[in-house]
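> Show me how the following folds:
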Amino acid sequence: MTLYAPDFKFPAPTQRPLNVEVIGIDPDNQGAQLMLLTILQELRARFADIRVGVDVSMPFEDRVRLGVWGVTPADWQSGWGPKRAKGFIARKLKSQRLRLGLLDSNEIDIVLDASGFAYGDYWGQQKFDHFLRRRMPLWDRNQTCLIALPQAWGPFSSEDFQSTVEQTLSQFARVYARDKESLNHLQTAGITDAHLSPDFTNLLKADLTHCPEHWRNLGILVPNAKIVAGKDQTARAAYQEFLVDSLACLERIAGKAAILIHEGSADMSIARSLGSAVEIIALEDPMQTKAVLANSKAVISSRYHGLVSALSSGVPSFACGWSHKYQHLMAEYGLGGFSVTMEDPAQISSALERFETAAQLARVTALLRHNAGKVRGKSSMLWDDVAKTMTAHVGLRV
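Modelled structure (predicted):
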């Protein structure tokens with residue numbers, strides 16, 4: 001399904017388009033794809049002449065489908081064969097490169113970091129250094145405007161990690177945190193001017209016609225293999241029991257339940273391990289996945305963006321998460337009491353019972369839709385602010 005037409009435009013004789021690189025996007029992650037789609041939607045609504053690029057490692061077919069450029073690596077000279085070849089094309093064969101839809105990393109005016117959740121103790125300082133710190137000399141040399149879009153940050157426990165975060169992020173024009181806990185982690189690391197803003201994929205409206213009739217008004221269960229990654233068999237069995245209980249809860253709410261795979265083969269393995277006759281829905285198009293969630297009657301999800309898609313569509317939802325970002329997301333939409341972790345299994349049974357009752361109350365759905373509208377308003381303000389920051393940097397007018 002073609003979501004966007006390619007925007008491979010060529011430079012005008014006197015002025016080239018604004019070049020924006022989006023980093024932190026995993027093309028295999030549907031949540032990351034939704035973030036990229038929203039970025040494209042919001043930037044193209046605000047800038048008439050813009051080229052949006054991603055790392056050239058994203059498959060060509062995906063880049064063409066989304067209408068994004070490929071950005072060649074800055075460190076091509078020290079890389080292995082294919083990287084050197086791409087770098088040579090970028091530097092030496094500009095006209096041919098533009099015809100292939102490739103931008104040189106030195107041509108980037110704005111960098112938007114859309115990592116989502118990639119920086120903190122869970123991932124380690126090495127990942128932060130690899131994705132951000134090592135690129136700072138290039139960005140500084142080119143006077144690139146750096147913006148860290150709303151994401152979950154931290155914690156950063158060691159003094160060395162905090163120092164690295166402060167030295168790096170202090171050079172960003174804007175740094176946004178999705179929740180107060182992430183904001184606190186940034187402030188502890190010395191980033192005192194960070195801004196609070198919600199996940200912005202709530203601005204991406206699902207086309208409800210993308211959901212077939214037989215997948216509408218279901219109770220949807222979304223598993224996540226990360227919940228039990230590195231855990232022992234006891235923990236795995238406890239999560240499986242939670243999923244079974246969740247299916248039963250959803251069937252009582254909606255009359256019929258299904259399991260939706262939001263990302264990858266590991267989640268599919270968990271779904272199949274339940275040994276249930278319940279249908280498993282696995283879709284390649286993230287917008288169709290969002291449409292199924294938006295058309296559902298209730299959702300129990302361990303995937304963050306599965307929750308955002310449901311909550312922003314006014315669908316009563318229940319979260320079983322593995323990091324602080326889940327609790328804060330649910331609280332933002334007014335459903336903070338329906339967020340659990342496997343670290344405290346004793347709370348789960350009663351929470352599911354309360355959710356089963358609440359999900360069938362019209363006033364709960366009405367309140368959720370009201371809150372969803374308020375959160376969307378915050379996201380719109382975010383993109384107005386991002387556009388102003390970009391405009392101020394390059395001297396353009398939106």
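> Next, the buried residues of the helix or strand where residue 356 lies.
If you go by DSSP states H and E, residue 356 is part of helix 348-358. Neighbour-count burial for helix 348-358, counted by 16 or more other Cβ atoms under 10 Å, picks out 348, 351-352, 355-356, 358. In short, each C-beta sits where N, CA and C put it, glycine included.
> Please produce JSON lines containing those residues, extended by pLDDT.
Converted to JSON lines, the buried residues of helix 348-358 look like this (pLDDT from 0 to 100):
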{"residue": "348", "pLDDT": "94"}
{"residue": "351", "pLDDT": "96"}
{"residue": "352", "pLDDT": "97"}
{"residue": "355", "pLDDT": "98"}
{"residue": "356", "pLDDT": "97"}
{"residue": "358", "pLDDT": "97"}
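> ok, those vs residue 16, which is closest?
Distance to residue 16, by Cβ to Cβ, is smallest for residue 355 among the buried residues of helix 348-358, at 52.5 Å.
> Surely the closest one and residue 319 touch.
No: with contact defined as Cβ atoms under 8 Å, residue 355 does not reach residue 319; the gap is 10.0 Å.
> shared neighbours of those two, which are they?
By Cβ atoms under 8 Å, 6 or more residues apart in numbering, residue 355 and residue 319 have these common neighbours: 300, 338.
> Skipping its backbone neighbours, what lies nearest residue 368 in space?
residue 314 (5.3 Å; Cβ to Cβ, 6 or more residues apart in numbering).
> do residue 336 as well
That would be residue 330: by Cβ to Cβ, 6+ apart, it lies 5.1 Å from residue 336.
> Look up how far residue 390 lies from the one you found.
31 Å (Cβ to Cβ, to the nearest Å).
> and residue 130, how far is that from residue 121?
16 Å.
> Likewise for residue 70?
Taking Cβ to Cβ, one finds residue 70 at 33 Å from residue 121.
> Show me where the stretch 251-398 of the chain has its helices.
264-273, 286-294, 304-311, 324-332, 348-358, 362-394 (DSSP state H, counting those that start in this stretch).
> who wins for proximity to residue 341 among those helices?
helix 324-332 (7.8 Å).
> Let me see the ranges of the strands in the stretch 101-250 of the chain.
For the stretch 101-250 of the chain, applying DSSP state E, counting those that start in this stretch gives strands covering 102-104, 110-113, 145-151, 174-177, 195-196, 219-222.
> Mind giving me the packing neighbours of the fifth one?
In other words, strand 195-196. Contacts defined by 3 or more Cβ pairs under 8 Å, 6 or more residues apart in numbering; DSSP states H and E place strand 195-196 against strand 174-177.
> Residue 53 in helix, strand or coil?
Using DSSP: H, G, I helix; E, B strand; the rest coil, the secondary structure recorded for residue 53 is strand.
> ok, what's across the strand from it?
Going by DSSP bridges, residue 53 is paired in beta bridges with residue 21, residue 69.
> between residue 330 and residue 390, who's got more neighbours?
residue 390 (24 against 21; other Cβ atoms under 10 Å).
> That one contacts residue 111, correct?
No: using Cβ under 8 Å, residue 390 makes no contact with residue 111, being 10.6 Å away.
> Report the set of residues contacting both of the two.
20, 145, 147.
> Least confident secondary structure element in this structure?
One helix or strand of the chain scores below all others by mean pLDDT, DSSP states H and E: helix 81-92, with a mean of 59.
> what about stretch 45-56, distance to the chain center?
Its chain's average C-alpha position is 18 Å from that of stretch 45-56, according to Cα atoms, centre = their mean, to the nearest Å.
> Just the buried residues of that stretch, please?
Result for stretch 45-56 [16+ other Cβ under 10 Å]: buried residues 46-47, 50-56.
> buried residues in stretch 144-164?
Within stretch 144-164, the residues that count as buried by 16+ other Cβ under 10 Å are 144-156, 161-162, 164.
> now the end-to-end length of it.
Stretch 144-164 has its terminal residues 19 Å apart, counting by Cα to Cα, to the nearest Å.
> avg pLDDT for that stretch?
Average pLDDT, stretch 144-164: 96.
> Distance from that stretch to the middle of the chain?
Worked out by Cα atoms, centre = their mean, stretch 144-164 lies 17 Å from the chain centre.
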